[in-house]
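1. Pasting the sequence and the predicted model now:
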Amino acid sequence: MSLALTGVVKRYGERVALDGVDFSVPAGAVVALLGPNGAGKSTLVSIAAGLLAPDSGSVSVRGRPGLAPQEIGIYPSLTVRENLWAFAELYGVSRRRAERWLEPFVLTELADRPAGRLSGGEQRRLHTAIAVVHRPKLVLLDEPTAGADTQTRSAILDAVRGLAGDGAAVVYTTHYLPEIEELGADVALLERGRIIASGTIEELVARHAESLVEITYTDGRTERRPGTSLHGLGDDVVRAEVIRPSLESAYLALTGRRSAE
Ligand SMILES: Nc1ncnc2c1ncn2[C@@H]1O[C@H](COP(=O)(O)OP(=O)(O)OP(=O)(O)O)[C@@H](O)[C@H]1O
């Protein structure tokens, strides 16, 4: 395993952020870590990165992980190229090798621009490239596509596929389920500090998903009914959406929430 957490507990004062988590990722796998706000995803990623120590349990990591936290961390006054050089130097990676990351993250044409003057999406691509500059065996990406445009999203997804193809283990947190389906990633669902479900997308869908109709009424109430029938809806319905068995409906069945809620 490139990453293995066993029985990990983490508290912030009285608050239990992780409550006995077993989580492992083999080489070459991409595991999407899903869960509602406050479930403990960032805490788990920070522990895997070695930034936080668990209160109990054990953590085993192969090599020095590459971490892209939620908050973008770049040197704004340095150019894109110089940012890659600066982080490469920390890891003893040559400048030439560091620059190989320009292309997969669609940064070649921006290489000589100061990073502080890039758009949000461009900065996020650089931030992610920096995390992998030393070709880590374990890559930790905390909401790498938050607020990303289409180009950034697809560059990051392609890069993730490439990294896993080269044998890295990738942990990927997101609230956006279609990209998990696009990646074909395995899934671990965290809620209130516990892993409540894990497996391949197909396994989660087979075990937990059912068809649902989500009905929104004029007074703003929302109701979810099993099945796919739209018959017999009254005049007080403003919207009715059929949610077919999918990762989204499995997530809903497990957490009682839509993924974006
Ligand atoms: N530094 C901190 N001090 C106190 N409580 C914290 C701290 N960091 C996180 N928490 C709490 O621990 C719990 C887990 O937080 P965490 O940030 O790991 O969740 P998350 O799943 O990453 O959430 P999100 O999807 O909103 O990013 C939450 O209840 C949060 O309020």
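-> Everything's here; your move.

2. For the rest of this, base every contact and every neighbour count on C-alpha atoms.
-> Fine.

3. Could you pull out the helices in the stretch 51-200 of the chain for me?
-> 80-90, 95-99, 120-131, 150-165, 177-183 (DSSP state H, counting those that start in this stretch).

4. out of these, nearest to the ligand?
-> helix 177-183 (13.4 Å; C-alpha to the nearest ligand atom).

5. which outside residues touch that closest one?
-> 32, 157, 161, 201, 247, 248, 259 (C-alpha atoms under 8 Å, 6 or more residues apart in numbering).

6. circling back to that earlier point, from the helices of the stretch 51-200 of the chain, which stretch is densest packed?
-> helix 120-131 (a mean of 24; mean count of other C-alpha atoms under 10 Å).

7. That one versus helix 80-90: what angle between them?
-> Angle, helix 120-131 to helix 80-90, by axes from the mean of the first three to the mean of the last three C-alpha atoms, to 10 degrees: 20 degrees.

8. which other helices and strands contact helix 120-131?
-> Other helices and strands packing on helix 120-131, by 3 or more C-alpha pairs under 8 Å, 6 or more residues apart in numbering; DSSP states H and E, are strand 66-68, helix 80-90, helix 150-165.

9. Determine how far that helix lies from the middle of the whole chain.
-> 15 Å (C-alpha atoms, centre = their mean, to the nearest Å).

10. What of stretch 199-211?
-> Distance, centroid of stretch 199-211 to centroid of chain: 19 Å (C-alpha atoms, centre = their mean).

11. What residues sit buried inside that stretch?
-> 200, 201, 203, 204, 205, 208, 209, 210, 211 (16 or more other C-alpha atoms under 10 Å).

12. Equivalent analysis for stretch 232-240, please.
-> Applying a neighbour-count criterion of 16+ other C-alpha under 10 Å, one finds residue 240 buried in stretch 232-240.

13. cool, stretch 39-52 as well?
-> For stretch 39-52, by 16+ other C-alpha under 10 Å, it's 39, 40, 41, 42, 43, 44, 45, 46, 47, 48, 49, 50.

14. Tell me the span between the first and last residue of that stretch.
-> 16 Å (C-alpha to C-alpha, to the nearest Å).

15. quick revisit: can I get the helices and strands packed on helix 120-131 in JSON lines with mean pLDDT and distance to residue 172?
-> Formatted as JSON lines, the helices and strands packed on helix 120-131 follow (pLDDT from 0 to 100; distance: least, C-alpha to C-alpha, whole Å):
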{"stretch": "strand 66-68", "mean pLDDT": "94", "distance to residue 172": "10"}
{"stretch": "helix 80-90", "mean pLDDT": "96", "distance to residue 172": "21"}
{"stretch": "helix 150-165", "mean pLDDT": "90", "distance to residue 172": "9"}
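
16. Could you dump the ones you listed into a markdown table and include distance to residue 252?
-> Output for the helices and strands packed on helix 120-131, formatted as a markdown table (distance: least, C-alpha to C-alpha, whole Å):
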| stretch | distance to residue 252 |
| --- | --- |
| strand 66-68 | 28 |
| helix 80-90 | 40 |
| helix 150-165 | 24 |
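
17. In TSV, list the ones you listed along with distance to the ligand.
-> Listed next are the helices and strands packed on helix 120-131 as TSV, based on distance: least, C-alpha to the nearest ligand atom, whole Å:
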stretch	distance to the ligand
strand 66-68	13
helix 80-90	25
helix 150-165	18
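
18. which two in the buried residues of stretch 199-211 are spaced the farthest apart?
-> Taking C-alpha to C-alpha, the two most distant members of those are 200 and 211; they sit 19.1 Å apart.

19. Give me the below-cutoff pLDDT ranges for this protein.
-> Counting by pLDDT under 70, the chain shows low-confidence ranges at 260-261.

20. beta partners of the most centrally placed residue in the chain?
-> In the chain, the residue lying closest to the centroid (C-alpha atoms, centre = their mean) is residue 173, at 1.8 Å. With DSSP bridges as the criterion, residue 173 is bridged to residue 33, residue 142.

21. hang on, the earlier thing: relative to residue 66, which of the helices of the stretch 51-200 of the chain is closest?
-> Closest to residue 66 of the helices of the stretch 51-200 of the chain is helix 120-131 (C-alpha to C-alpha; 4.8 Å).

22. All set now, cheers.
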